[in-house]
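Asks: show me how the following folds:
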Amino acid sequence: MPGDAEDPNAERQYHVELAPSDVAASVLLPGNPERVDVITDLWDDWEEEAHHREYRTATGTYDDTPISVTSTGIGSPSAAIAVEELARVGADTFIRVGSCGAIQPGMAVGDLVITSGAVRQEGTSREYVRDDYPAVASHEVVSALVAAAERLGHDYHVGLTMSADAFYAGQGREGFGGFEAAGSEALVEELQEANVANIEMEAAAILTLANLYGLRAGVVCSVFANRVTGEFLTEGESKAAETASLAVALLARMDEVKREAGVTEWHAGLSI
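Replies: You can find the predicted model right below:
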């Protein structure tokens, strides 16, 4: 049998600087390290475990449920590193807590978008698996996020998300000096016609890696801008943070009910 020194789960991870005792099984993944404070302000208690580069981690409890948060920085490459290393130290459930641009009418700034699946326009997930592999959220995490948003009274939408690598050209915006990438003028319209709800930069990679590794993952984002109406306002961060935190507590209860019922999957016949 391999010794502890050969076990990657026993080692402090290089980028996030975490060991197995530092994190809970469920981890929230905001992009901005400053958003960690928005999230932990809602918890019963917490302690900062590490802060290295863009990766800032705190662990505590919410509604008596163990919970952690690790910031991932901007984009899928750094988010994938976080998922890889957090999984190595024992995390098995991930919820991205982010911001996004809505591209459908009727989605107000400050609303929440709960991702059911993602368009993999980013390049990170392509280095893991073929292009036609789907980036799908865990049905249990989606259910918990919906239940949490309902209980908290937050306006939300469930739908498809597009994840891009570039904030400007990759999302159909002009670059410096009016530069326009090929096809950028039609990008948003094509996504709208395909019933995609929003655009952000990390969901597809997080969901793809979670599915590849047999882990649970989901995404809840606050709408900061609507590309249809032109509205822009950095509002709703605390709504997404509160919804994700409550979802972790609901998932813990769901897991308990599954164990009591002797089943492995959450379904409509069970109640919490």
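
Asks: what strand or helix carries the nearest residue to Ser71 once chain neighbours are set aside?
Replies: Computed as CB to CB, 6 or more residues apart in numbering, the closest residue to Ser71 that is not its neighbour in sequence is Pro33, at 4.1 Å. No exception for glycine: its C-beta is placed from N, CA and C like everyone else's. In this assignment (DSSP states H and E), Pro33 forms part of neither any helix nor any strand.

Asks: excluding chain neighbours, give the residue nearest to Gly60 in space.
Replies: With CB to CB, 6+ apart as the criterion, Gly60 has its nearest non-adjacent residue at 2.9 Å, and that residue is Trp46.

Asks: any stretches of this protein with poor pLDDT?
Replies: Scanning the chain with the threshold set as pLDDT under 70 gives 1-10, 236.

Asks: what bridges to the residue most central in space within it?
Replies: Using CA atoms, centre = their mean, the residue of the chain that lies closest to the mean C-alpha position is Arg96, 1.5 Å off. With beta bridges defined as DSSP bridges, Arg96 has these partners: Leu29, Val219.

Asks: which residues does it contact?
Replies: 28-30, 79, 115, 202-203, 206, 217-221 (CB atoms under 8 Å, 6 or more residues apart in numbering).

Asks: distance of it from Thr243?
Replies: Taking CB to CB, to the nearest Å as the measure, Arg96 and Thr243 are separated by 12 Å.

Asks: ok so, going back, roughly how far does the residue nearest to the centre of the chain sit from Gly60?
Replies: With distances defined as CB to CB, the gap from Arg96 to Gly60 amounts to 19 Å.

Asks: how close does Phe94 get to Gly218?
Replies: Applying CB to CB, one obtains 8 Å for the distance of Phe94 from Gly218.

Asks: swap in Tyr55?
Replies: Distance of Tyr55 to Gly218, computed by CB to CB: 20 Å.

Asks: can you give me the strands in the stretch 1-150 of the chain?
Replies: In the stretch 1-150 of the chain, the segments counted as strands under DSSP state E, counting those that start in this stretch are 26-29, 45-52, 55-62, 65-70, 93-102, 112-120, 135-136.

Asks: name the SS class of the residue lying closest to Asp63 once chain neighbours are set aside, please.
Replies: Spatially, and ignoring its direct neighbours in sequence, Asp63 is nearest to Ala249 (4.1 Å; CB to CB, 6+ apart). Ala249 carries the three-state label helix when classified by DSSP: H, G, I helix; E, B strand; the rest coil.

Asks: who are the neighbours in contact with Ala249?
Replies: Counting by CB under 8 Å, 6+ apart, Ala249 touches Tyr62, Asp63, Asp64, Thr65, Ile67.

Asks: one more pass at 10 Å, please.
Replies: Ser26, Thr61, Tyr62, Asp63, Asp64, Thr65, Pro66, Ile67, Ala144, Ala148, Ile272 (CB atoms under 10 Å, 6 or more residues apart in numbering).

Asks: what's the burial count for Glu189?
Replies: 11 (other CB atoms under 10 Å).

Asks: which strands or helices does whatever helix or strand it lives in pack on?
Replies: Element membership for Glu189 (DSSP H and E) is helix 184-193. Taking 3 or more CB pairs under 10 Å, 6 or more residues apart in numbering; DSSP states H and E as the contact definition, the neighbouring helices and strands of helix 184-193 are strand 156-163, strand 196-200.
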